[in-house]
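1. Got a sequence here, can you model it:
(chains A and B)
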Amino acid sequence: MRPINAKILKVIDETPTIKTFRLDTAGRLRGKPGQFVMVWVRGVDEVPMTLSYDDGITVQRVGEATEAMFRLKEGDTLGIRGPYGNGWELVGDNILIVSGGVGSAPLAPLAEKAAAIGVQVTVLAGYRTKEEVHFEARYRKAGKTMIATDDGSYGHKGFVTDLMRDIDLSMYTQIYCCGPEKMMYRVLGILDEHKASERSQFSLQRYIKCGIGVCGSCCIDPDGLRVCRDGPVFRGDTLIGSELGMYARDGSGKKMML
Amino acid sequence: MQNPTILAAGILGTTGASLKRVASLGAGAVVTKSIGVEPKYGHPNPSMLKLECGYINAMGLPNPSYREFLQELDIAKQAGVPVIASIFGASEAEFREAAEGLPGASAYELNVSCPHAKGYGMQIGTDPALVEAVTRAVKGVVDVPVWVKLTPNVTDITAIGRAAQDGGAEAVVAINTVKAMAIDVESGYPILGNINGGLSGPAIKPIAIKCVYDLYEALDIPVIGVGGISSWADAVEFLMAGASAVEIGSAVYDGLDVFASVSMGLSDYLDRKGMKLEDLIGLSHRVVRHEAHKC
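-> Numbers count the residues shown, from 1 in each chain, chains lettered A, B, ... in the order given. The predicted structure follows:
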């Protein structure tokens, strides 16, 4: 598909480093939580972003393209291709969400949509520090929410994985996780210990070029699964023994140790 | 080869694991991403789009260099099918270095046809003298077949094919993508980050068929057909035009089972016709000659 022209309806400052863009795509963008879109900042670059609302993306400033997006205002336009990838699969009636930083982007809409159809939702959300906390209201509205910050400036002092130690993981029909890779790797390790990895789903981030499953830039070891097409959501047990938490490939295809 | 379908260069070829996966899903052989002597990050995105009639791309030869890629090649070789290393360079010396840096490939496919990488690809592949020199240079350092992948963006592709043959190539591969461009009508911006790119998919199949047909007439070495193949009937058409095997690229968009479906469909076709694969290769040329005799 050619990019859809999307008009920015609203820019929301979530934190000093994170903004949400609500878009008018004239009803042409029908995605589900966990799917992503390729966001084209014309003349700059095009980057993958998961949908944080049916019509919105939530962006952390990390590079040239996101830097350029941060300069955009209401009324400006973006090119949008997608939605791409598989998205979360809602399983059962009592789910746990483990969210780290801006990994909240695909998880907050999942929490809302699950709660809306009567699924019991529990959220463990970790952030670096108090001023990076976002989507707290969305999470709290969806279900029981516990927050951790690395520096203890808000909620529990420590990692979101600490919060996992205090709850009974066996009661959840499915566990959903997205966040920094090292955090996801630790979460997967805990789930594996509790024999719960096959009841879990993780959303991965890799360098994506084509976005449509053809070029192979985002393939992960050892099975050659494509993050853009076979993912970005993978079952936890398929990720055990994979490159998750070990390395990722850069734009040239070179492995970078994490 | 177990079957005549080959994964084309630049498709799912960045990692050994993904090459293995494609082989396990039915490809008779696989070609790696084009690899050069230094790491390259490629062009800015957007780098590939599906258009109404095919696909347009400008990846920009991203690759981690042969030093990094050698480990991926070794993993790909576990697939149990021939692994062909696609290599590119800006000079004879670079081609030679890339080939020597990737020992153990079943064959080398020289990318002298990428339409959108400055100094590489078709900047070499449109000059018969350079094509011959580069082919000879690689032939001098490897003891397995050398294939030369040709660009259709020339007046006479057979002249380039002959140059490859004169340089010692065991086969030519035709065609790489056709120079192309797409513009965003909302803004006027060319969509590809590199502005210019190459067209693949169904739109270029008739162009590729014509190139293969002409190369089969002009050359003594085998022609491998590529360009817009997504079904067994496409493969039959290429074989009739003169291809000895086919490469499949963009069609993986519709499903990774394309290799199995093309090779099984082809084998059913041969059974139905009571023919062998060899009977099909270049059949149209024999039909045309036969008709000419009748006049």
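
2. So which residues of the stretch 1-150 of chain A form strands?
-> Shown for the stretch 1-150 of chain A, the strands assigned by DSSP state E, counting those that start in this stretch span residues A:4-15, A:18-24, A:36-41, A:45-53, A:56-60, A:77-84, A:94-100, A:120-127, A:144-149.

3. Make a markdown table from the ones you listed and add mean neighbour count and distance to B:Ala137 to it.
-> C-beta: built from backbone N, CA, C; applies to glycine. A markdown table is the format used below for the strands of the stretch 1-150 of chain A (neighbours: other CB atoms under 10 Å in any protein chain shown; distance: least, CB to CB, whole Å):
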| stretch | mean neighbour count | distance to B:Ala137 |
| --- | --- | --- |
| strand A:4-15 | 16 | 47 |
| strand A:18-24 | 20 | 51 |
| strand A:36-41 | 26 | 39 |
| strand A:45-53 | 24 | 36 |
| strand A:56-60 | 22 | 47 |
| strand A:77-84 | 22 | 41 |
| strand A:94-100 | 25 | 51 |
| strand A:120-127 | 25 | 56 |
| strand A:144-149 | 19 | 60 |
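
4. would you turn the ones you listed into JSON lines with distance to chain B and mean pLDDT?
-> Compiled in JSON lines, the strands of the stretch 1-150 of chain A are given as follows (distance: least, CB to the nearest CB, whole Å; pLDDT from 0 to 100):
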{"stretch": "strand A:4-15", "distance to chain B": "4", "mean pLDDT": "97"}
{"stretch": "strand A:18-24", "distance to chain B": "13", "mean pLDDT": "97"}
{"stretch": "strand A:36-41", "distance to chain B": "6", "mean pLDDT": "97"}
{"stretch": "strand A:45-53", "distance to chain B": "4", "mean pLDDT": "96"}
{"stretch": "strand A:56-60", "distance to chain B": "15", "mean pLDDT": "96"}
{"stretch": "strand A:77-84", "distance to chain B": "6", "mean pLDDT": "96"}
{"stretch": "strand A:94-100", "distance to chain B": "26", "mean pLDDT": "98"}
{"stretch": "strand A:120-127", "distance to chain B": "29", "mean pLDDT": "98"}
{"stretch": "strand A:144-149", "distance to chain B": "34", "mean pLDDT": "98"}
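
5. Once you drop chain neighbours, what's closest to B:Pro4?
-> Spatial nearest neighbour of B:Pro4, excluding adjacent residues (CB to CB, 6 or more residues apart in numbering or on different chains): B:Ala245 at 3.9 Å.

6. Pull the contacting residues for that neighbour.
-> Contacts here follow CB atoms under 8 Å, 6 or more residues apart in numbering or on different chains; on that basis B:Ala245 touches B:Met1, B:Pro4, B:Thr5, B:Ile6, B:Gly28, B:Ala29, B:Pro222, B:Ile224, B:Gly225.

7. Most neighbours of all these, which one?
-> B:Gly225 (32 neighbours; other CB atoms under 10 Å in any protein chain shown).

8. my read: that residue touches B:Val212, true?
-> Yes. Under the criterion of CB atoms under 8 Å, B:Gly225 makes contact with B:Val212 at 4.6 Å.

9. Contacts only, for the closest residue to A:Gly211 other than its chain neighbours.
-> Using CB to CB, 6+ apart and skipping the chain neighbours, the partner closest in space to A:Gly211 is A:Met38 (4.6 Å). A:Met38 is in contact with A:3, A:46-49, A:80-82, A:84, A:208, A:211, B:45-46, counting by CB under 8 Å, 6+ apart.

10. Now flag whichever of the contacts of B:Ala245 is closest to chain A.
-> Nearest to chain A out of the contacts of B:Ala245 is B:Ile6 (CB to the nearest CB; 15.3 Å).

11. contact partners of the helix or strand hosting the closest one?
-> Taking DSSP states H and E as the criterion, B:Ile6 maps to strand B:5-7. The contact list for strand B:5-7, computed with CB under 8 Å, 6+ apart, reads B:13, B:19, B:22-23, B:26-31, B:84, B:224, B:235, B:245-249, B:252, B:259, B:262-263.

12. Turn the contacts of A:Met38 into CSV, including distance to A:Ala248.
-> Output for those, formatted as CSV (distance: CB to CB, whole Å):
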residue, distance to A:Ala248
A:Pro3, 26
A:Glu46, 19
A:Val47, 15
A:Pro48, 14
A:Met49, 18
A:Ile80, 25
A:Arg81, 23
A:Gly82, 22
A:Tyr84, 19
A:Ile208, 11
A:Gly211, 17
B:Asn45, 17
B:Pro46, 21
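
13. residues of stretch B:273-280 that come out buried?
-> Across stretch B:273-280, burial judged by 16 or more other CB atoms under 10 Å in any protein chain shown covers B:Leu280.

14. returning to that earlier point: now the element after the strand holding B:Ile6, going C-ward?
-> Per DSSP H and E, strand B:5-7 leads on to helix B:16-24 as the next helix or strand towards the C-terminus.

15. Pairing partners for the helix or strand following that next one, with directions?
-> Per DSSP H and E, helix B:16-24 leads on to strand B:29-31 as the next helix or strand towards the C-terminus. Using DSSP bridges, the strands paired with strand B:29-31 are strand B:5-7 (parallel), strand B:83-87 (parallel).

16. What mean pLDDT does strand B:29-31 get?
-> If you average the pLDDT over strand B:29-31, you get 98.

17. quick check, the helix or strand following that strand touching chain A?
-> Per DSSP H and E, the first helix or strand lying C-terminal to strand B:29-31 is strand B:48-50. Yes. Contact of strand B:48-50 with chain A (CB under 8 Å from any CB of the partner chain) involves B:Met48, B:Leu49, B:Lys50.

18. How far away from the center of its chain is the strand holding B:Ile6?
-> Put simply, strand B:5-7 sits 9 Å off its chain's centre (CA atoms, centre = their mean, to the nearest Å).

19. Save the strands of the stretch 1-150 of chain A as TSV, and put in distance to B:Asp166 too.
-> What follows is the strands of the stretch 1-150 of chain A, written out as TSV (distance: least, CB to CB, whole Å):
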stretch	distance to B:Asp166
strand A:4-15	50
strand A:18-24	57
strand A:36-41	44
strand A:45-53	42
strand A:56-60	55
strand A:77-84	44
strand A:94-100	60
strand A:120-127	65
strand A:144-149	69
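
20. Between the ones you listed, which one is closest to B:Val138.
-> Proximity of the strands of the stretch 1-150 of chain A to B:Val138 was assessed by CB to CB; the nearest stretch is strand A:45-53, lying at 35.0 Å.
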